[in-house]
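J.: Here is my input; please provide its structure:
(one chain, ligands or ions: 1)
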Amino acid sequence: MSKSKHSLDHPLVRPRRLRQTPAMRRLVAETRLSPAQLVLPMFVREGITEAVPLGSMPGIVQHSLESLPKALAEAADAGIGGVMLFGIPETKDAVGSQATDENGILNLATAVAQREVGGELVVQTDLCLDEFTDHGHCGVLDKKGVVDNDATLGRYREMALMQARSGSQLLGLSGMMDGQVAAVRDELDANGFEHVVLLAYAAKYASAFYGPFREAVQSTLQGDRRSYQLDPANRREGLREVELDIAEGADVVMVKPAMSYLDVLADTAATSTVPVWAYQVSGEYAMIEAAGANGWIDRDRAVAESLTSIVRAGADAVLTYYATEVATWIRQGRI
Ligand code: PBG
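T.: Numbering: from 1, shown residues only. Below you'll find the model as predicted:
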């Protein structure tokens, strides 16, 4: 019989055993990142020839149609899962006409992406009116200036058709209108686009962390989106939106932003019968960049930790402005 030396000063249970060496930690890691689960949001702006850097998102640019192919090729080479395109038109109006113009910037960019990398990456488009309307809201307004849910659904139907015709493989419904998934599914199916995938931004919160995105898309919004995006106070309501969107036919559901909503993400991952994605939004990116640039945090470690946390909480894939860079790190074995 072995003589036990266990005592208060010699613990029997030692979790630290599994943390001794980098090789051991690597072997027992519960969460692993892979390039395939990263999706890169990209901004494409009409009327520019060269890429324009964004002040509030260092390292991120508004692409021109000419600068887009190189960035797409880099993303494909890095092995990421897809790209999500946002368009910035030169002219905006009350109904967001450019969104449904076949020569509108987003639709042209989609065709470019489909041609350049459509075989390697899932080419995805943001389906929302805020980049295209002069008032900056995600839908059209009624006579009183209130976002008109049902009139907006008609515009989303038209937008969905145009995006599908332009070659988008997956439509990201980010407008938070009631019934948008069912309406868009119906329109696509009636027009031979049964194969186009719908990502529902199901639990999308009215968040201050979208701040830098407003610069990125040159948003003209006055006021806020609290009458359609979720109240940050509400966890259960996030699940309600997820359930509704799955019932309406969403192929994938999303929680957004990511890091302040990991509880909603974990709830969603625990119950969803379809893939669950999360969006590490512009403000999350900007905070890491700003603190990193000041030497207040280790930027690269913070990037890796933030994405690991989002995946650990339950995201199957993550939309992140770091997608191409982090995919390269993973391939190099750096993380
Ligand atoms: C709406 C949309 C927004 C974002 C993605 N889609 C802006 C908003 O809802 O205000 C934000 C993304 C980010 O902040 O990175 N088209």
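
J.: tell me which element Trp329 falls in.
T.: Assigned by DSSP states H and E, Trp329 belongs to helix 323-331.

J.: Which strands or helices does that helix pack on?
T.: strand 38-45, helix 68-78, helix 299-313 (3 or more CB pairs under 8 Å, 6 or more residues apart in numbering; DSSP states H and E). Every C-beta, even on glycine, is put in place using the N, C-alpha and C of the backbone.

J.: Highest mean neighbour count out of those?
T.: Counting by mean count of other CB atoms under 10 Å, strand 38-45 has the highest mean neighbour count of those, with a mean of 25.

J.: who are the neighbours of that strand, in terms of helices and strands?
T.: By 3+ CB pairs under 8 Å, 6+ apart, strand 38-45 packs against strand 61-63, helix 68-78, strand 82-88, helix 105-117, strand 317-320, helix 323-331.

J.: do you know which of those lies nearest the ligand?
T.: Among the helices and strands packed on strand 38-45, strand 82-88 comes nearest to the ligand, with 6.9 Å by CB to the nearest ligand atom.

J.: Taking strand 38-45 as reference, get the angle to the closest one.
T.: Counting by axes from the mean of the first three to the mean of the last three CA atoms, to 10 degrees, strand 82-88 lies at 20 degrees to strand 38-45.

J.: Contacts for strand 82-88, please.
T.: 39-46, 62, 72, 75, 98-99, 104-107, 109-110, 113, 117, 121-126, 131-132, 168, 170, 172, 216-218, 319 (CB atoms under 8 Å, 6 or more residues apart in numbering).

J.: Return the helix or strand in the chain with minimum mean pLDDT.
T.: Every helix and strand in the chain was compared by mean pLDDT, DSSP states H and E; the lowest is helix 211-216, with a mean of 94.

J.: Quick check: buried residues in the helix or strand following it?
T.: Following helix 211-216 in sequence order, the next helix or strand is helix 236-248 (DSSP H and E). Residues of helix 236-248 classed as buried by neighbour count (16 or more other CB atoms under 10 Å): Gly238, Leu239, Glu241, Val242, Leu244, Asp245, Ile246, Glu248.

J.: Please apply the same query to stretch 54-71.
T.: Leu54, Ser56, Met57, Ile60, Val61, Gln62, His63, Ser64, Leu65, Ser67, Leu68, Ala71.
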